[in-house]
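# Pasting a predicted model and its sequence here:
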Amino acid sequence: EYLSRIGGVDALVVSPMRRTRETAEIVGAALGLEPIVDEGWVETAFGDWDGHTFAEIQQKWPDALNAWMESTAVAPPGGESFDACARRARSARDKLLARYPGKTVVVVTHVTPIKLMVRSVLQAPMTSLFRMELRPATVTEIHWYADGLASLRSFNVQPSLSSV
């Protein structure tokens, strides 16, 4: 409802994961848009850590967790590093910017790709990913301009109809 009131959305892109596809179906119905699945927006693969709490990971993989927390180049066992995810998400972003110049695109994605886009706009270090927290079903708004500059308009906003 929030996004449909903004108006002027030209495309709806979604990660292939079920939870984002379900959200995109709801958003798409409100916007009158069919979601376009793009593998580039999938969440970081956490490998052997998937399905475990942070406390369980600390208990079972303490050395791997410490290495992962010290460097975004380190991947969880059987997973993907944040650096690799950043390359993938940057490529997905660049494809959207080329395909939809000057257009408004809603991307339904996950915590890490969102944080990576925010980090990129702010030109913050990769370790800033560990300092951001996102709530579920929030909106982060970033504008990219033809000259290559970008601005962060909002971060982690829980929209309400009264805020439109």
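Now that the structure is in, tell me what you want to look at.

# all helices of the protein, in order?
Under the criterion DSSP state H, the chain contains helices at 2-6, 18-31, 54-60, 62-70, 82-99, 111-122.

# Pick the most buried one from those.
helix 111-122 (a mean of 20; mean count of other Cβ atoms under 10 Å). The way it works is simple: take the backbone N, C-alpha and C, and place the C-beta from them, glycine included.

# so which of the helices of the chain gets nearest Gly40?
Set against Gly40 and scored by Cβ to Cβ, those come closest in helix 82-99, at 2.6 Å.

# Would you mind confirming that Val107 makes contact with Val14?
Yes: assessed by Cβ atoms under 8 Å, Val107 is found in contact with Val14 at 7.4 Å.

# What angle do helix 111-122 and the top strand by length along the chain make with each other?
The residue-count maximum for a strand in the chain (DSSP state E) belongs to strand 150-157. Strand 150-157 and helix 111-122 are oriented at 140 degrees to each other (axes from the mean of the first three to the mean of the last three Cα atoms, to 10 degrees).

# Strand 150-157 - contacts with which helices or strands?
In terms of contacts (3 or more Cβ pairs under 8 Å, 6 or more residues apart in numbering; DSSP states H and E), strand 150-157 is packed against helix 111-122, strand 139-144.

# The shortest one - which strands sit beside it in the sheet, and in what orientation?
Looking at strand 139-144 with DSSP bridges, its paired strands and their directions are strand 150-157 (antiparallel).

# The strand it pairs with vs helix 82-99, what angle?
Orientation of strand 150-157 against helix 82-99 (the same axes, to 10 degrees) gives an angle of 110 degrees.

# So which residues make contact with strand 150-157?
With Cβ atoms under 8 Å, 6 or more residues apart in numbering as the test, strand 150-157 has contacts from 118, 120-122, 132-135, 138-145, 163.

# List only buried entries from those residues.
The neighbour count (16 or more other Cβ atoms under 10 Å) marks 118, 120-121, 132, 139-140, 142, 144 as buried among the contacts of strand 150-157.

# just curious, which of the residues you listed is nearest to Gln59?
Nearest to Gln59 among the buried ones among the contacts of strand 150-157, with distances taken as Cβ to Cβ, is Met132, at 24.8 Å.
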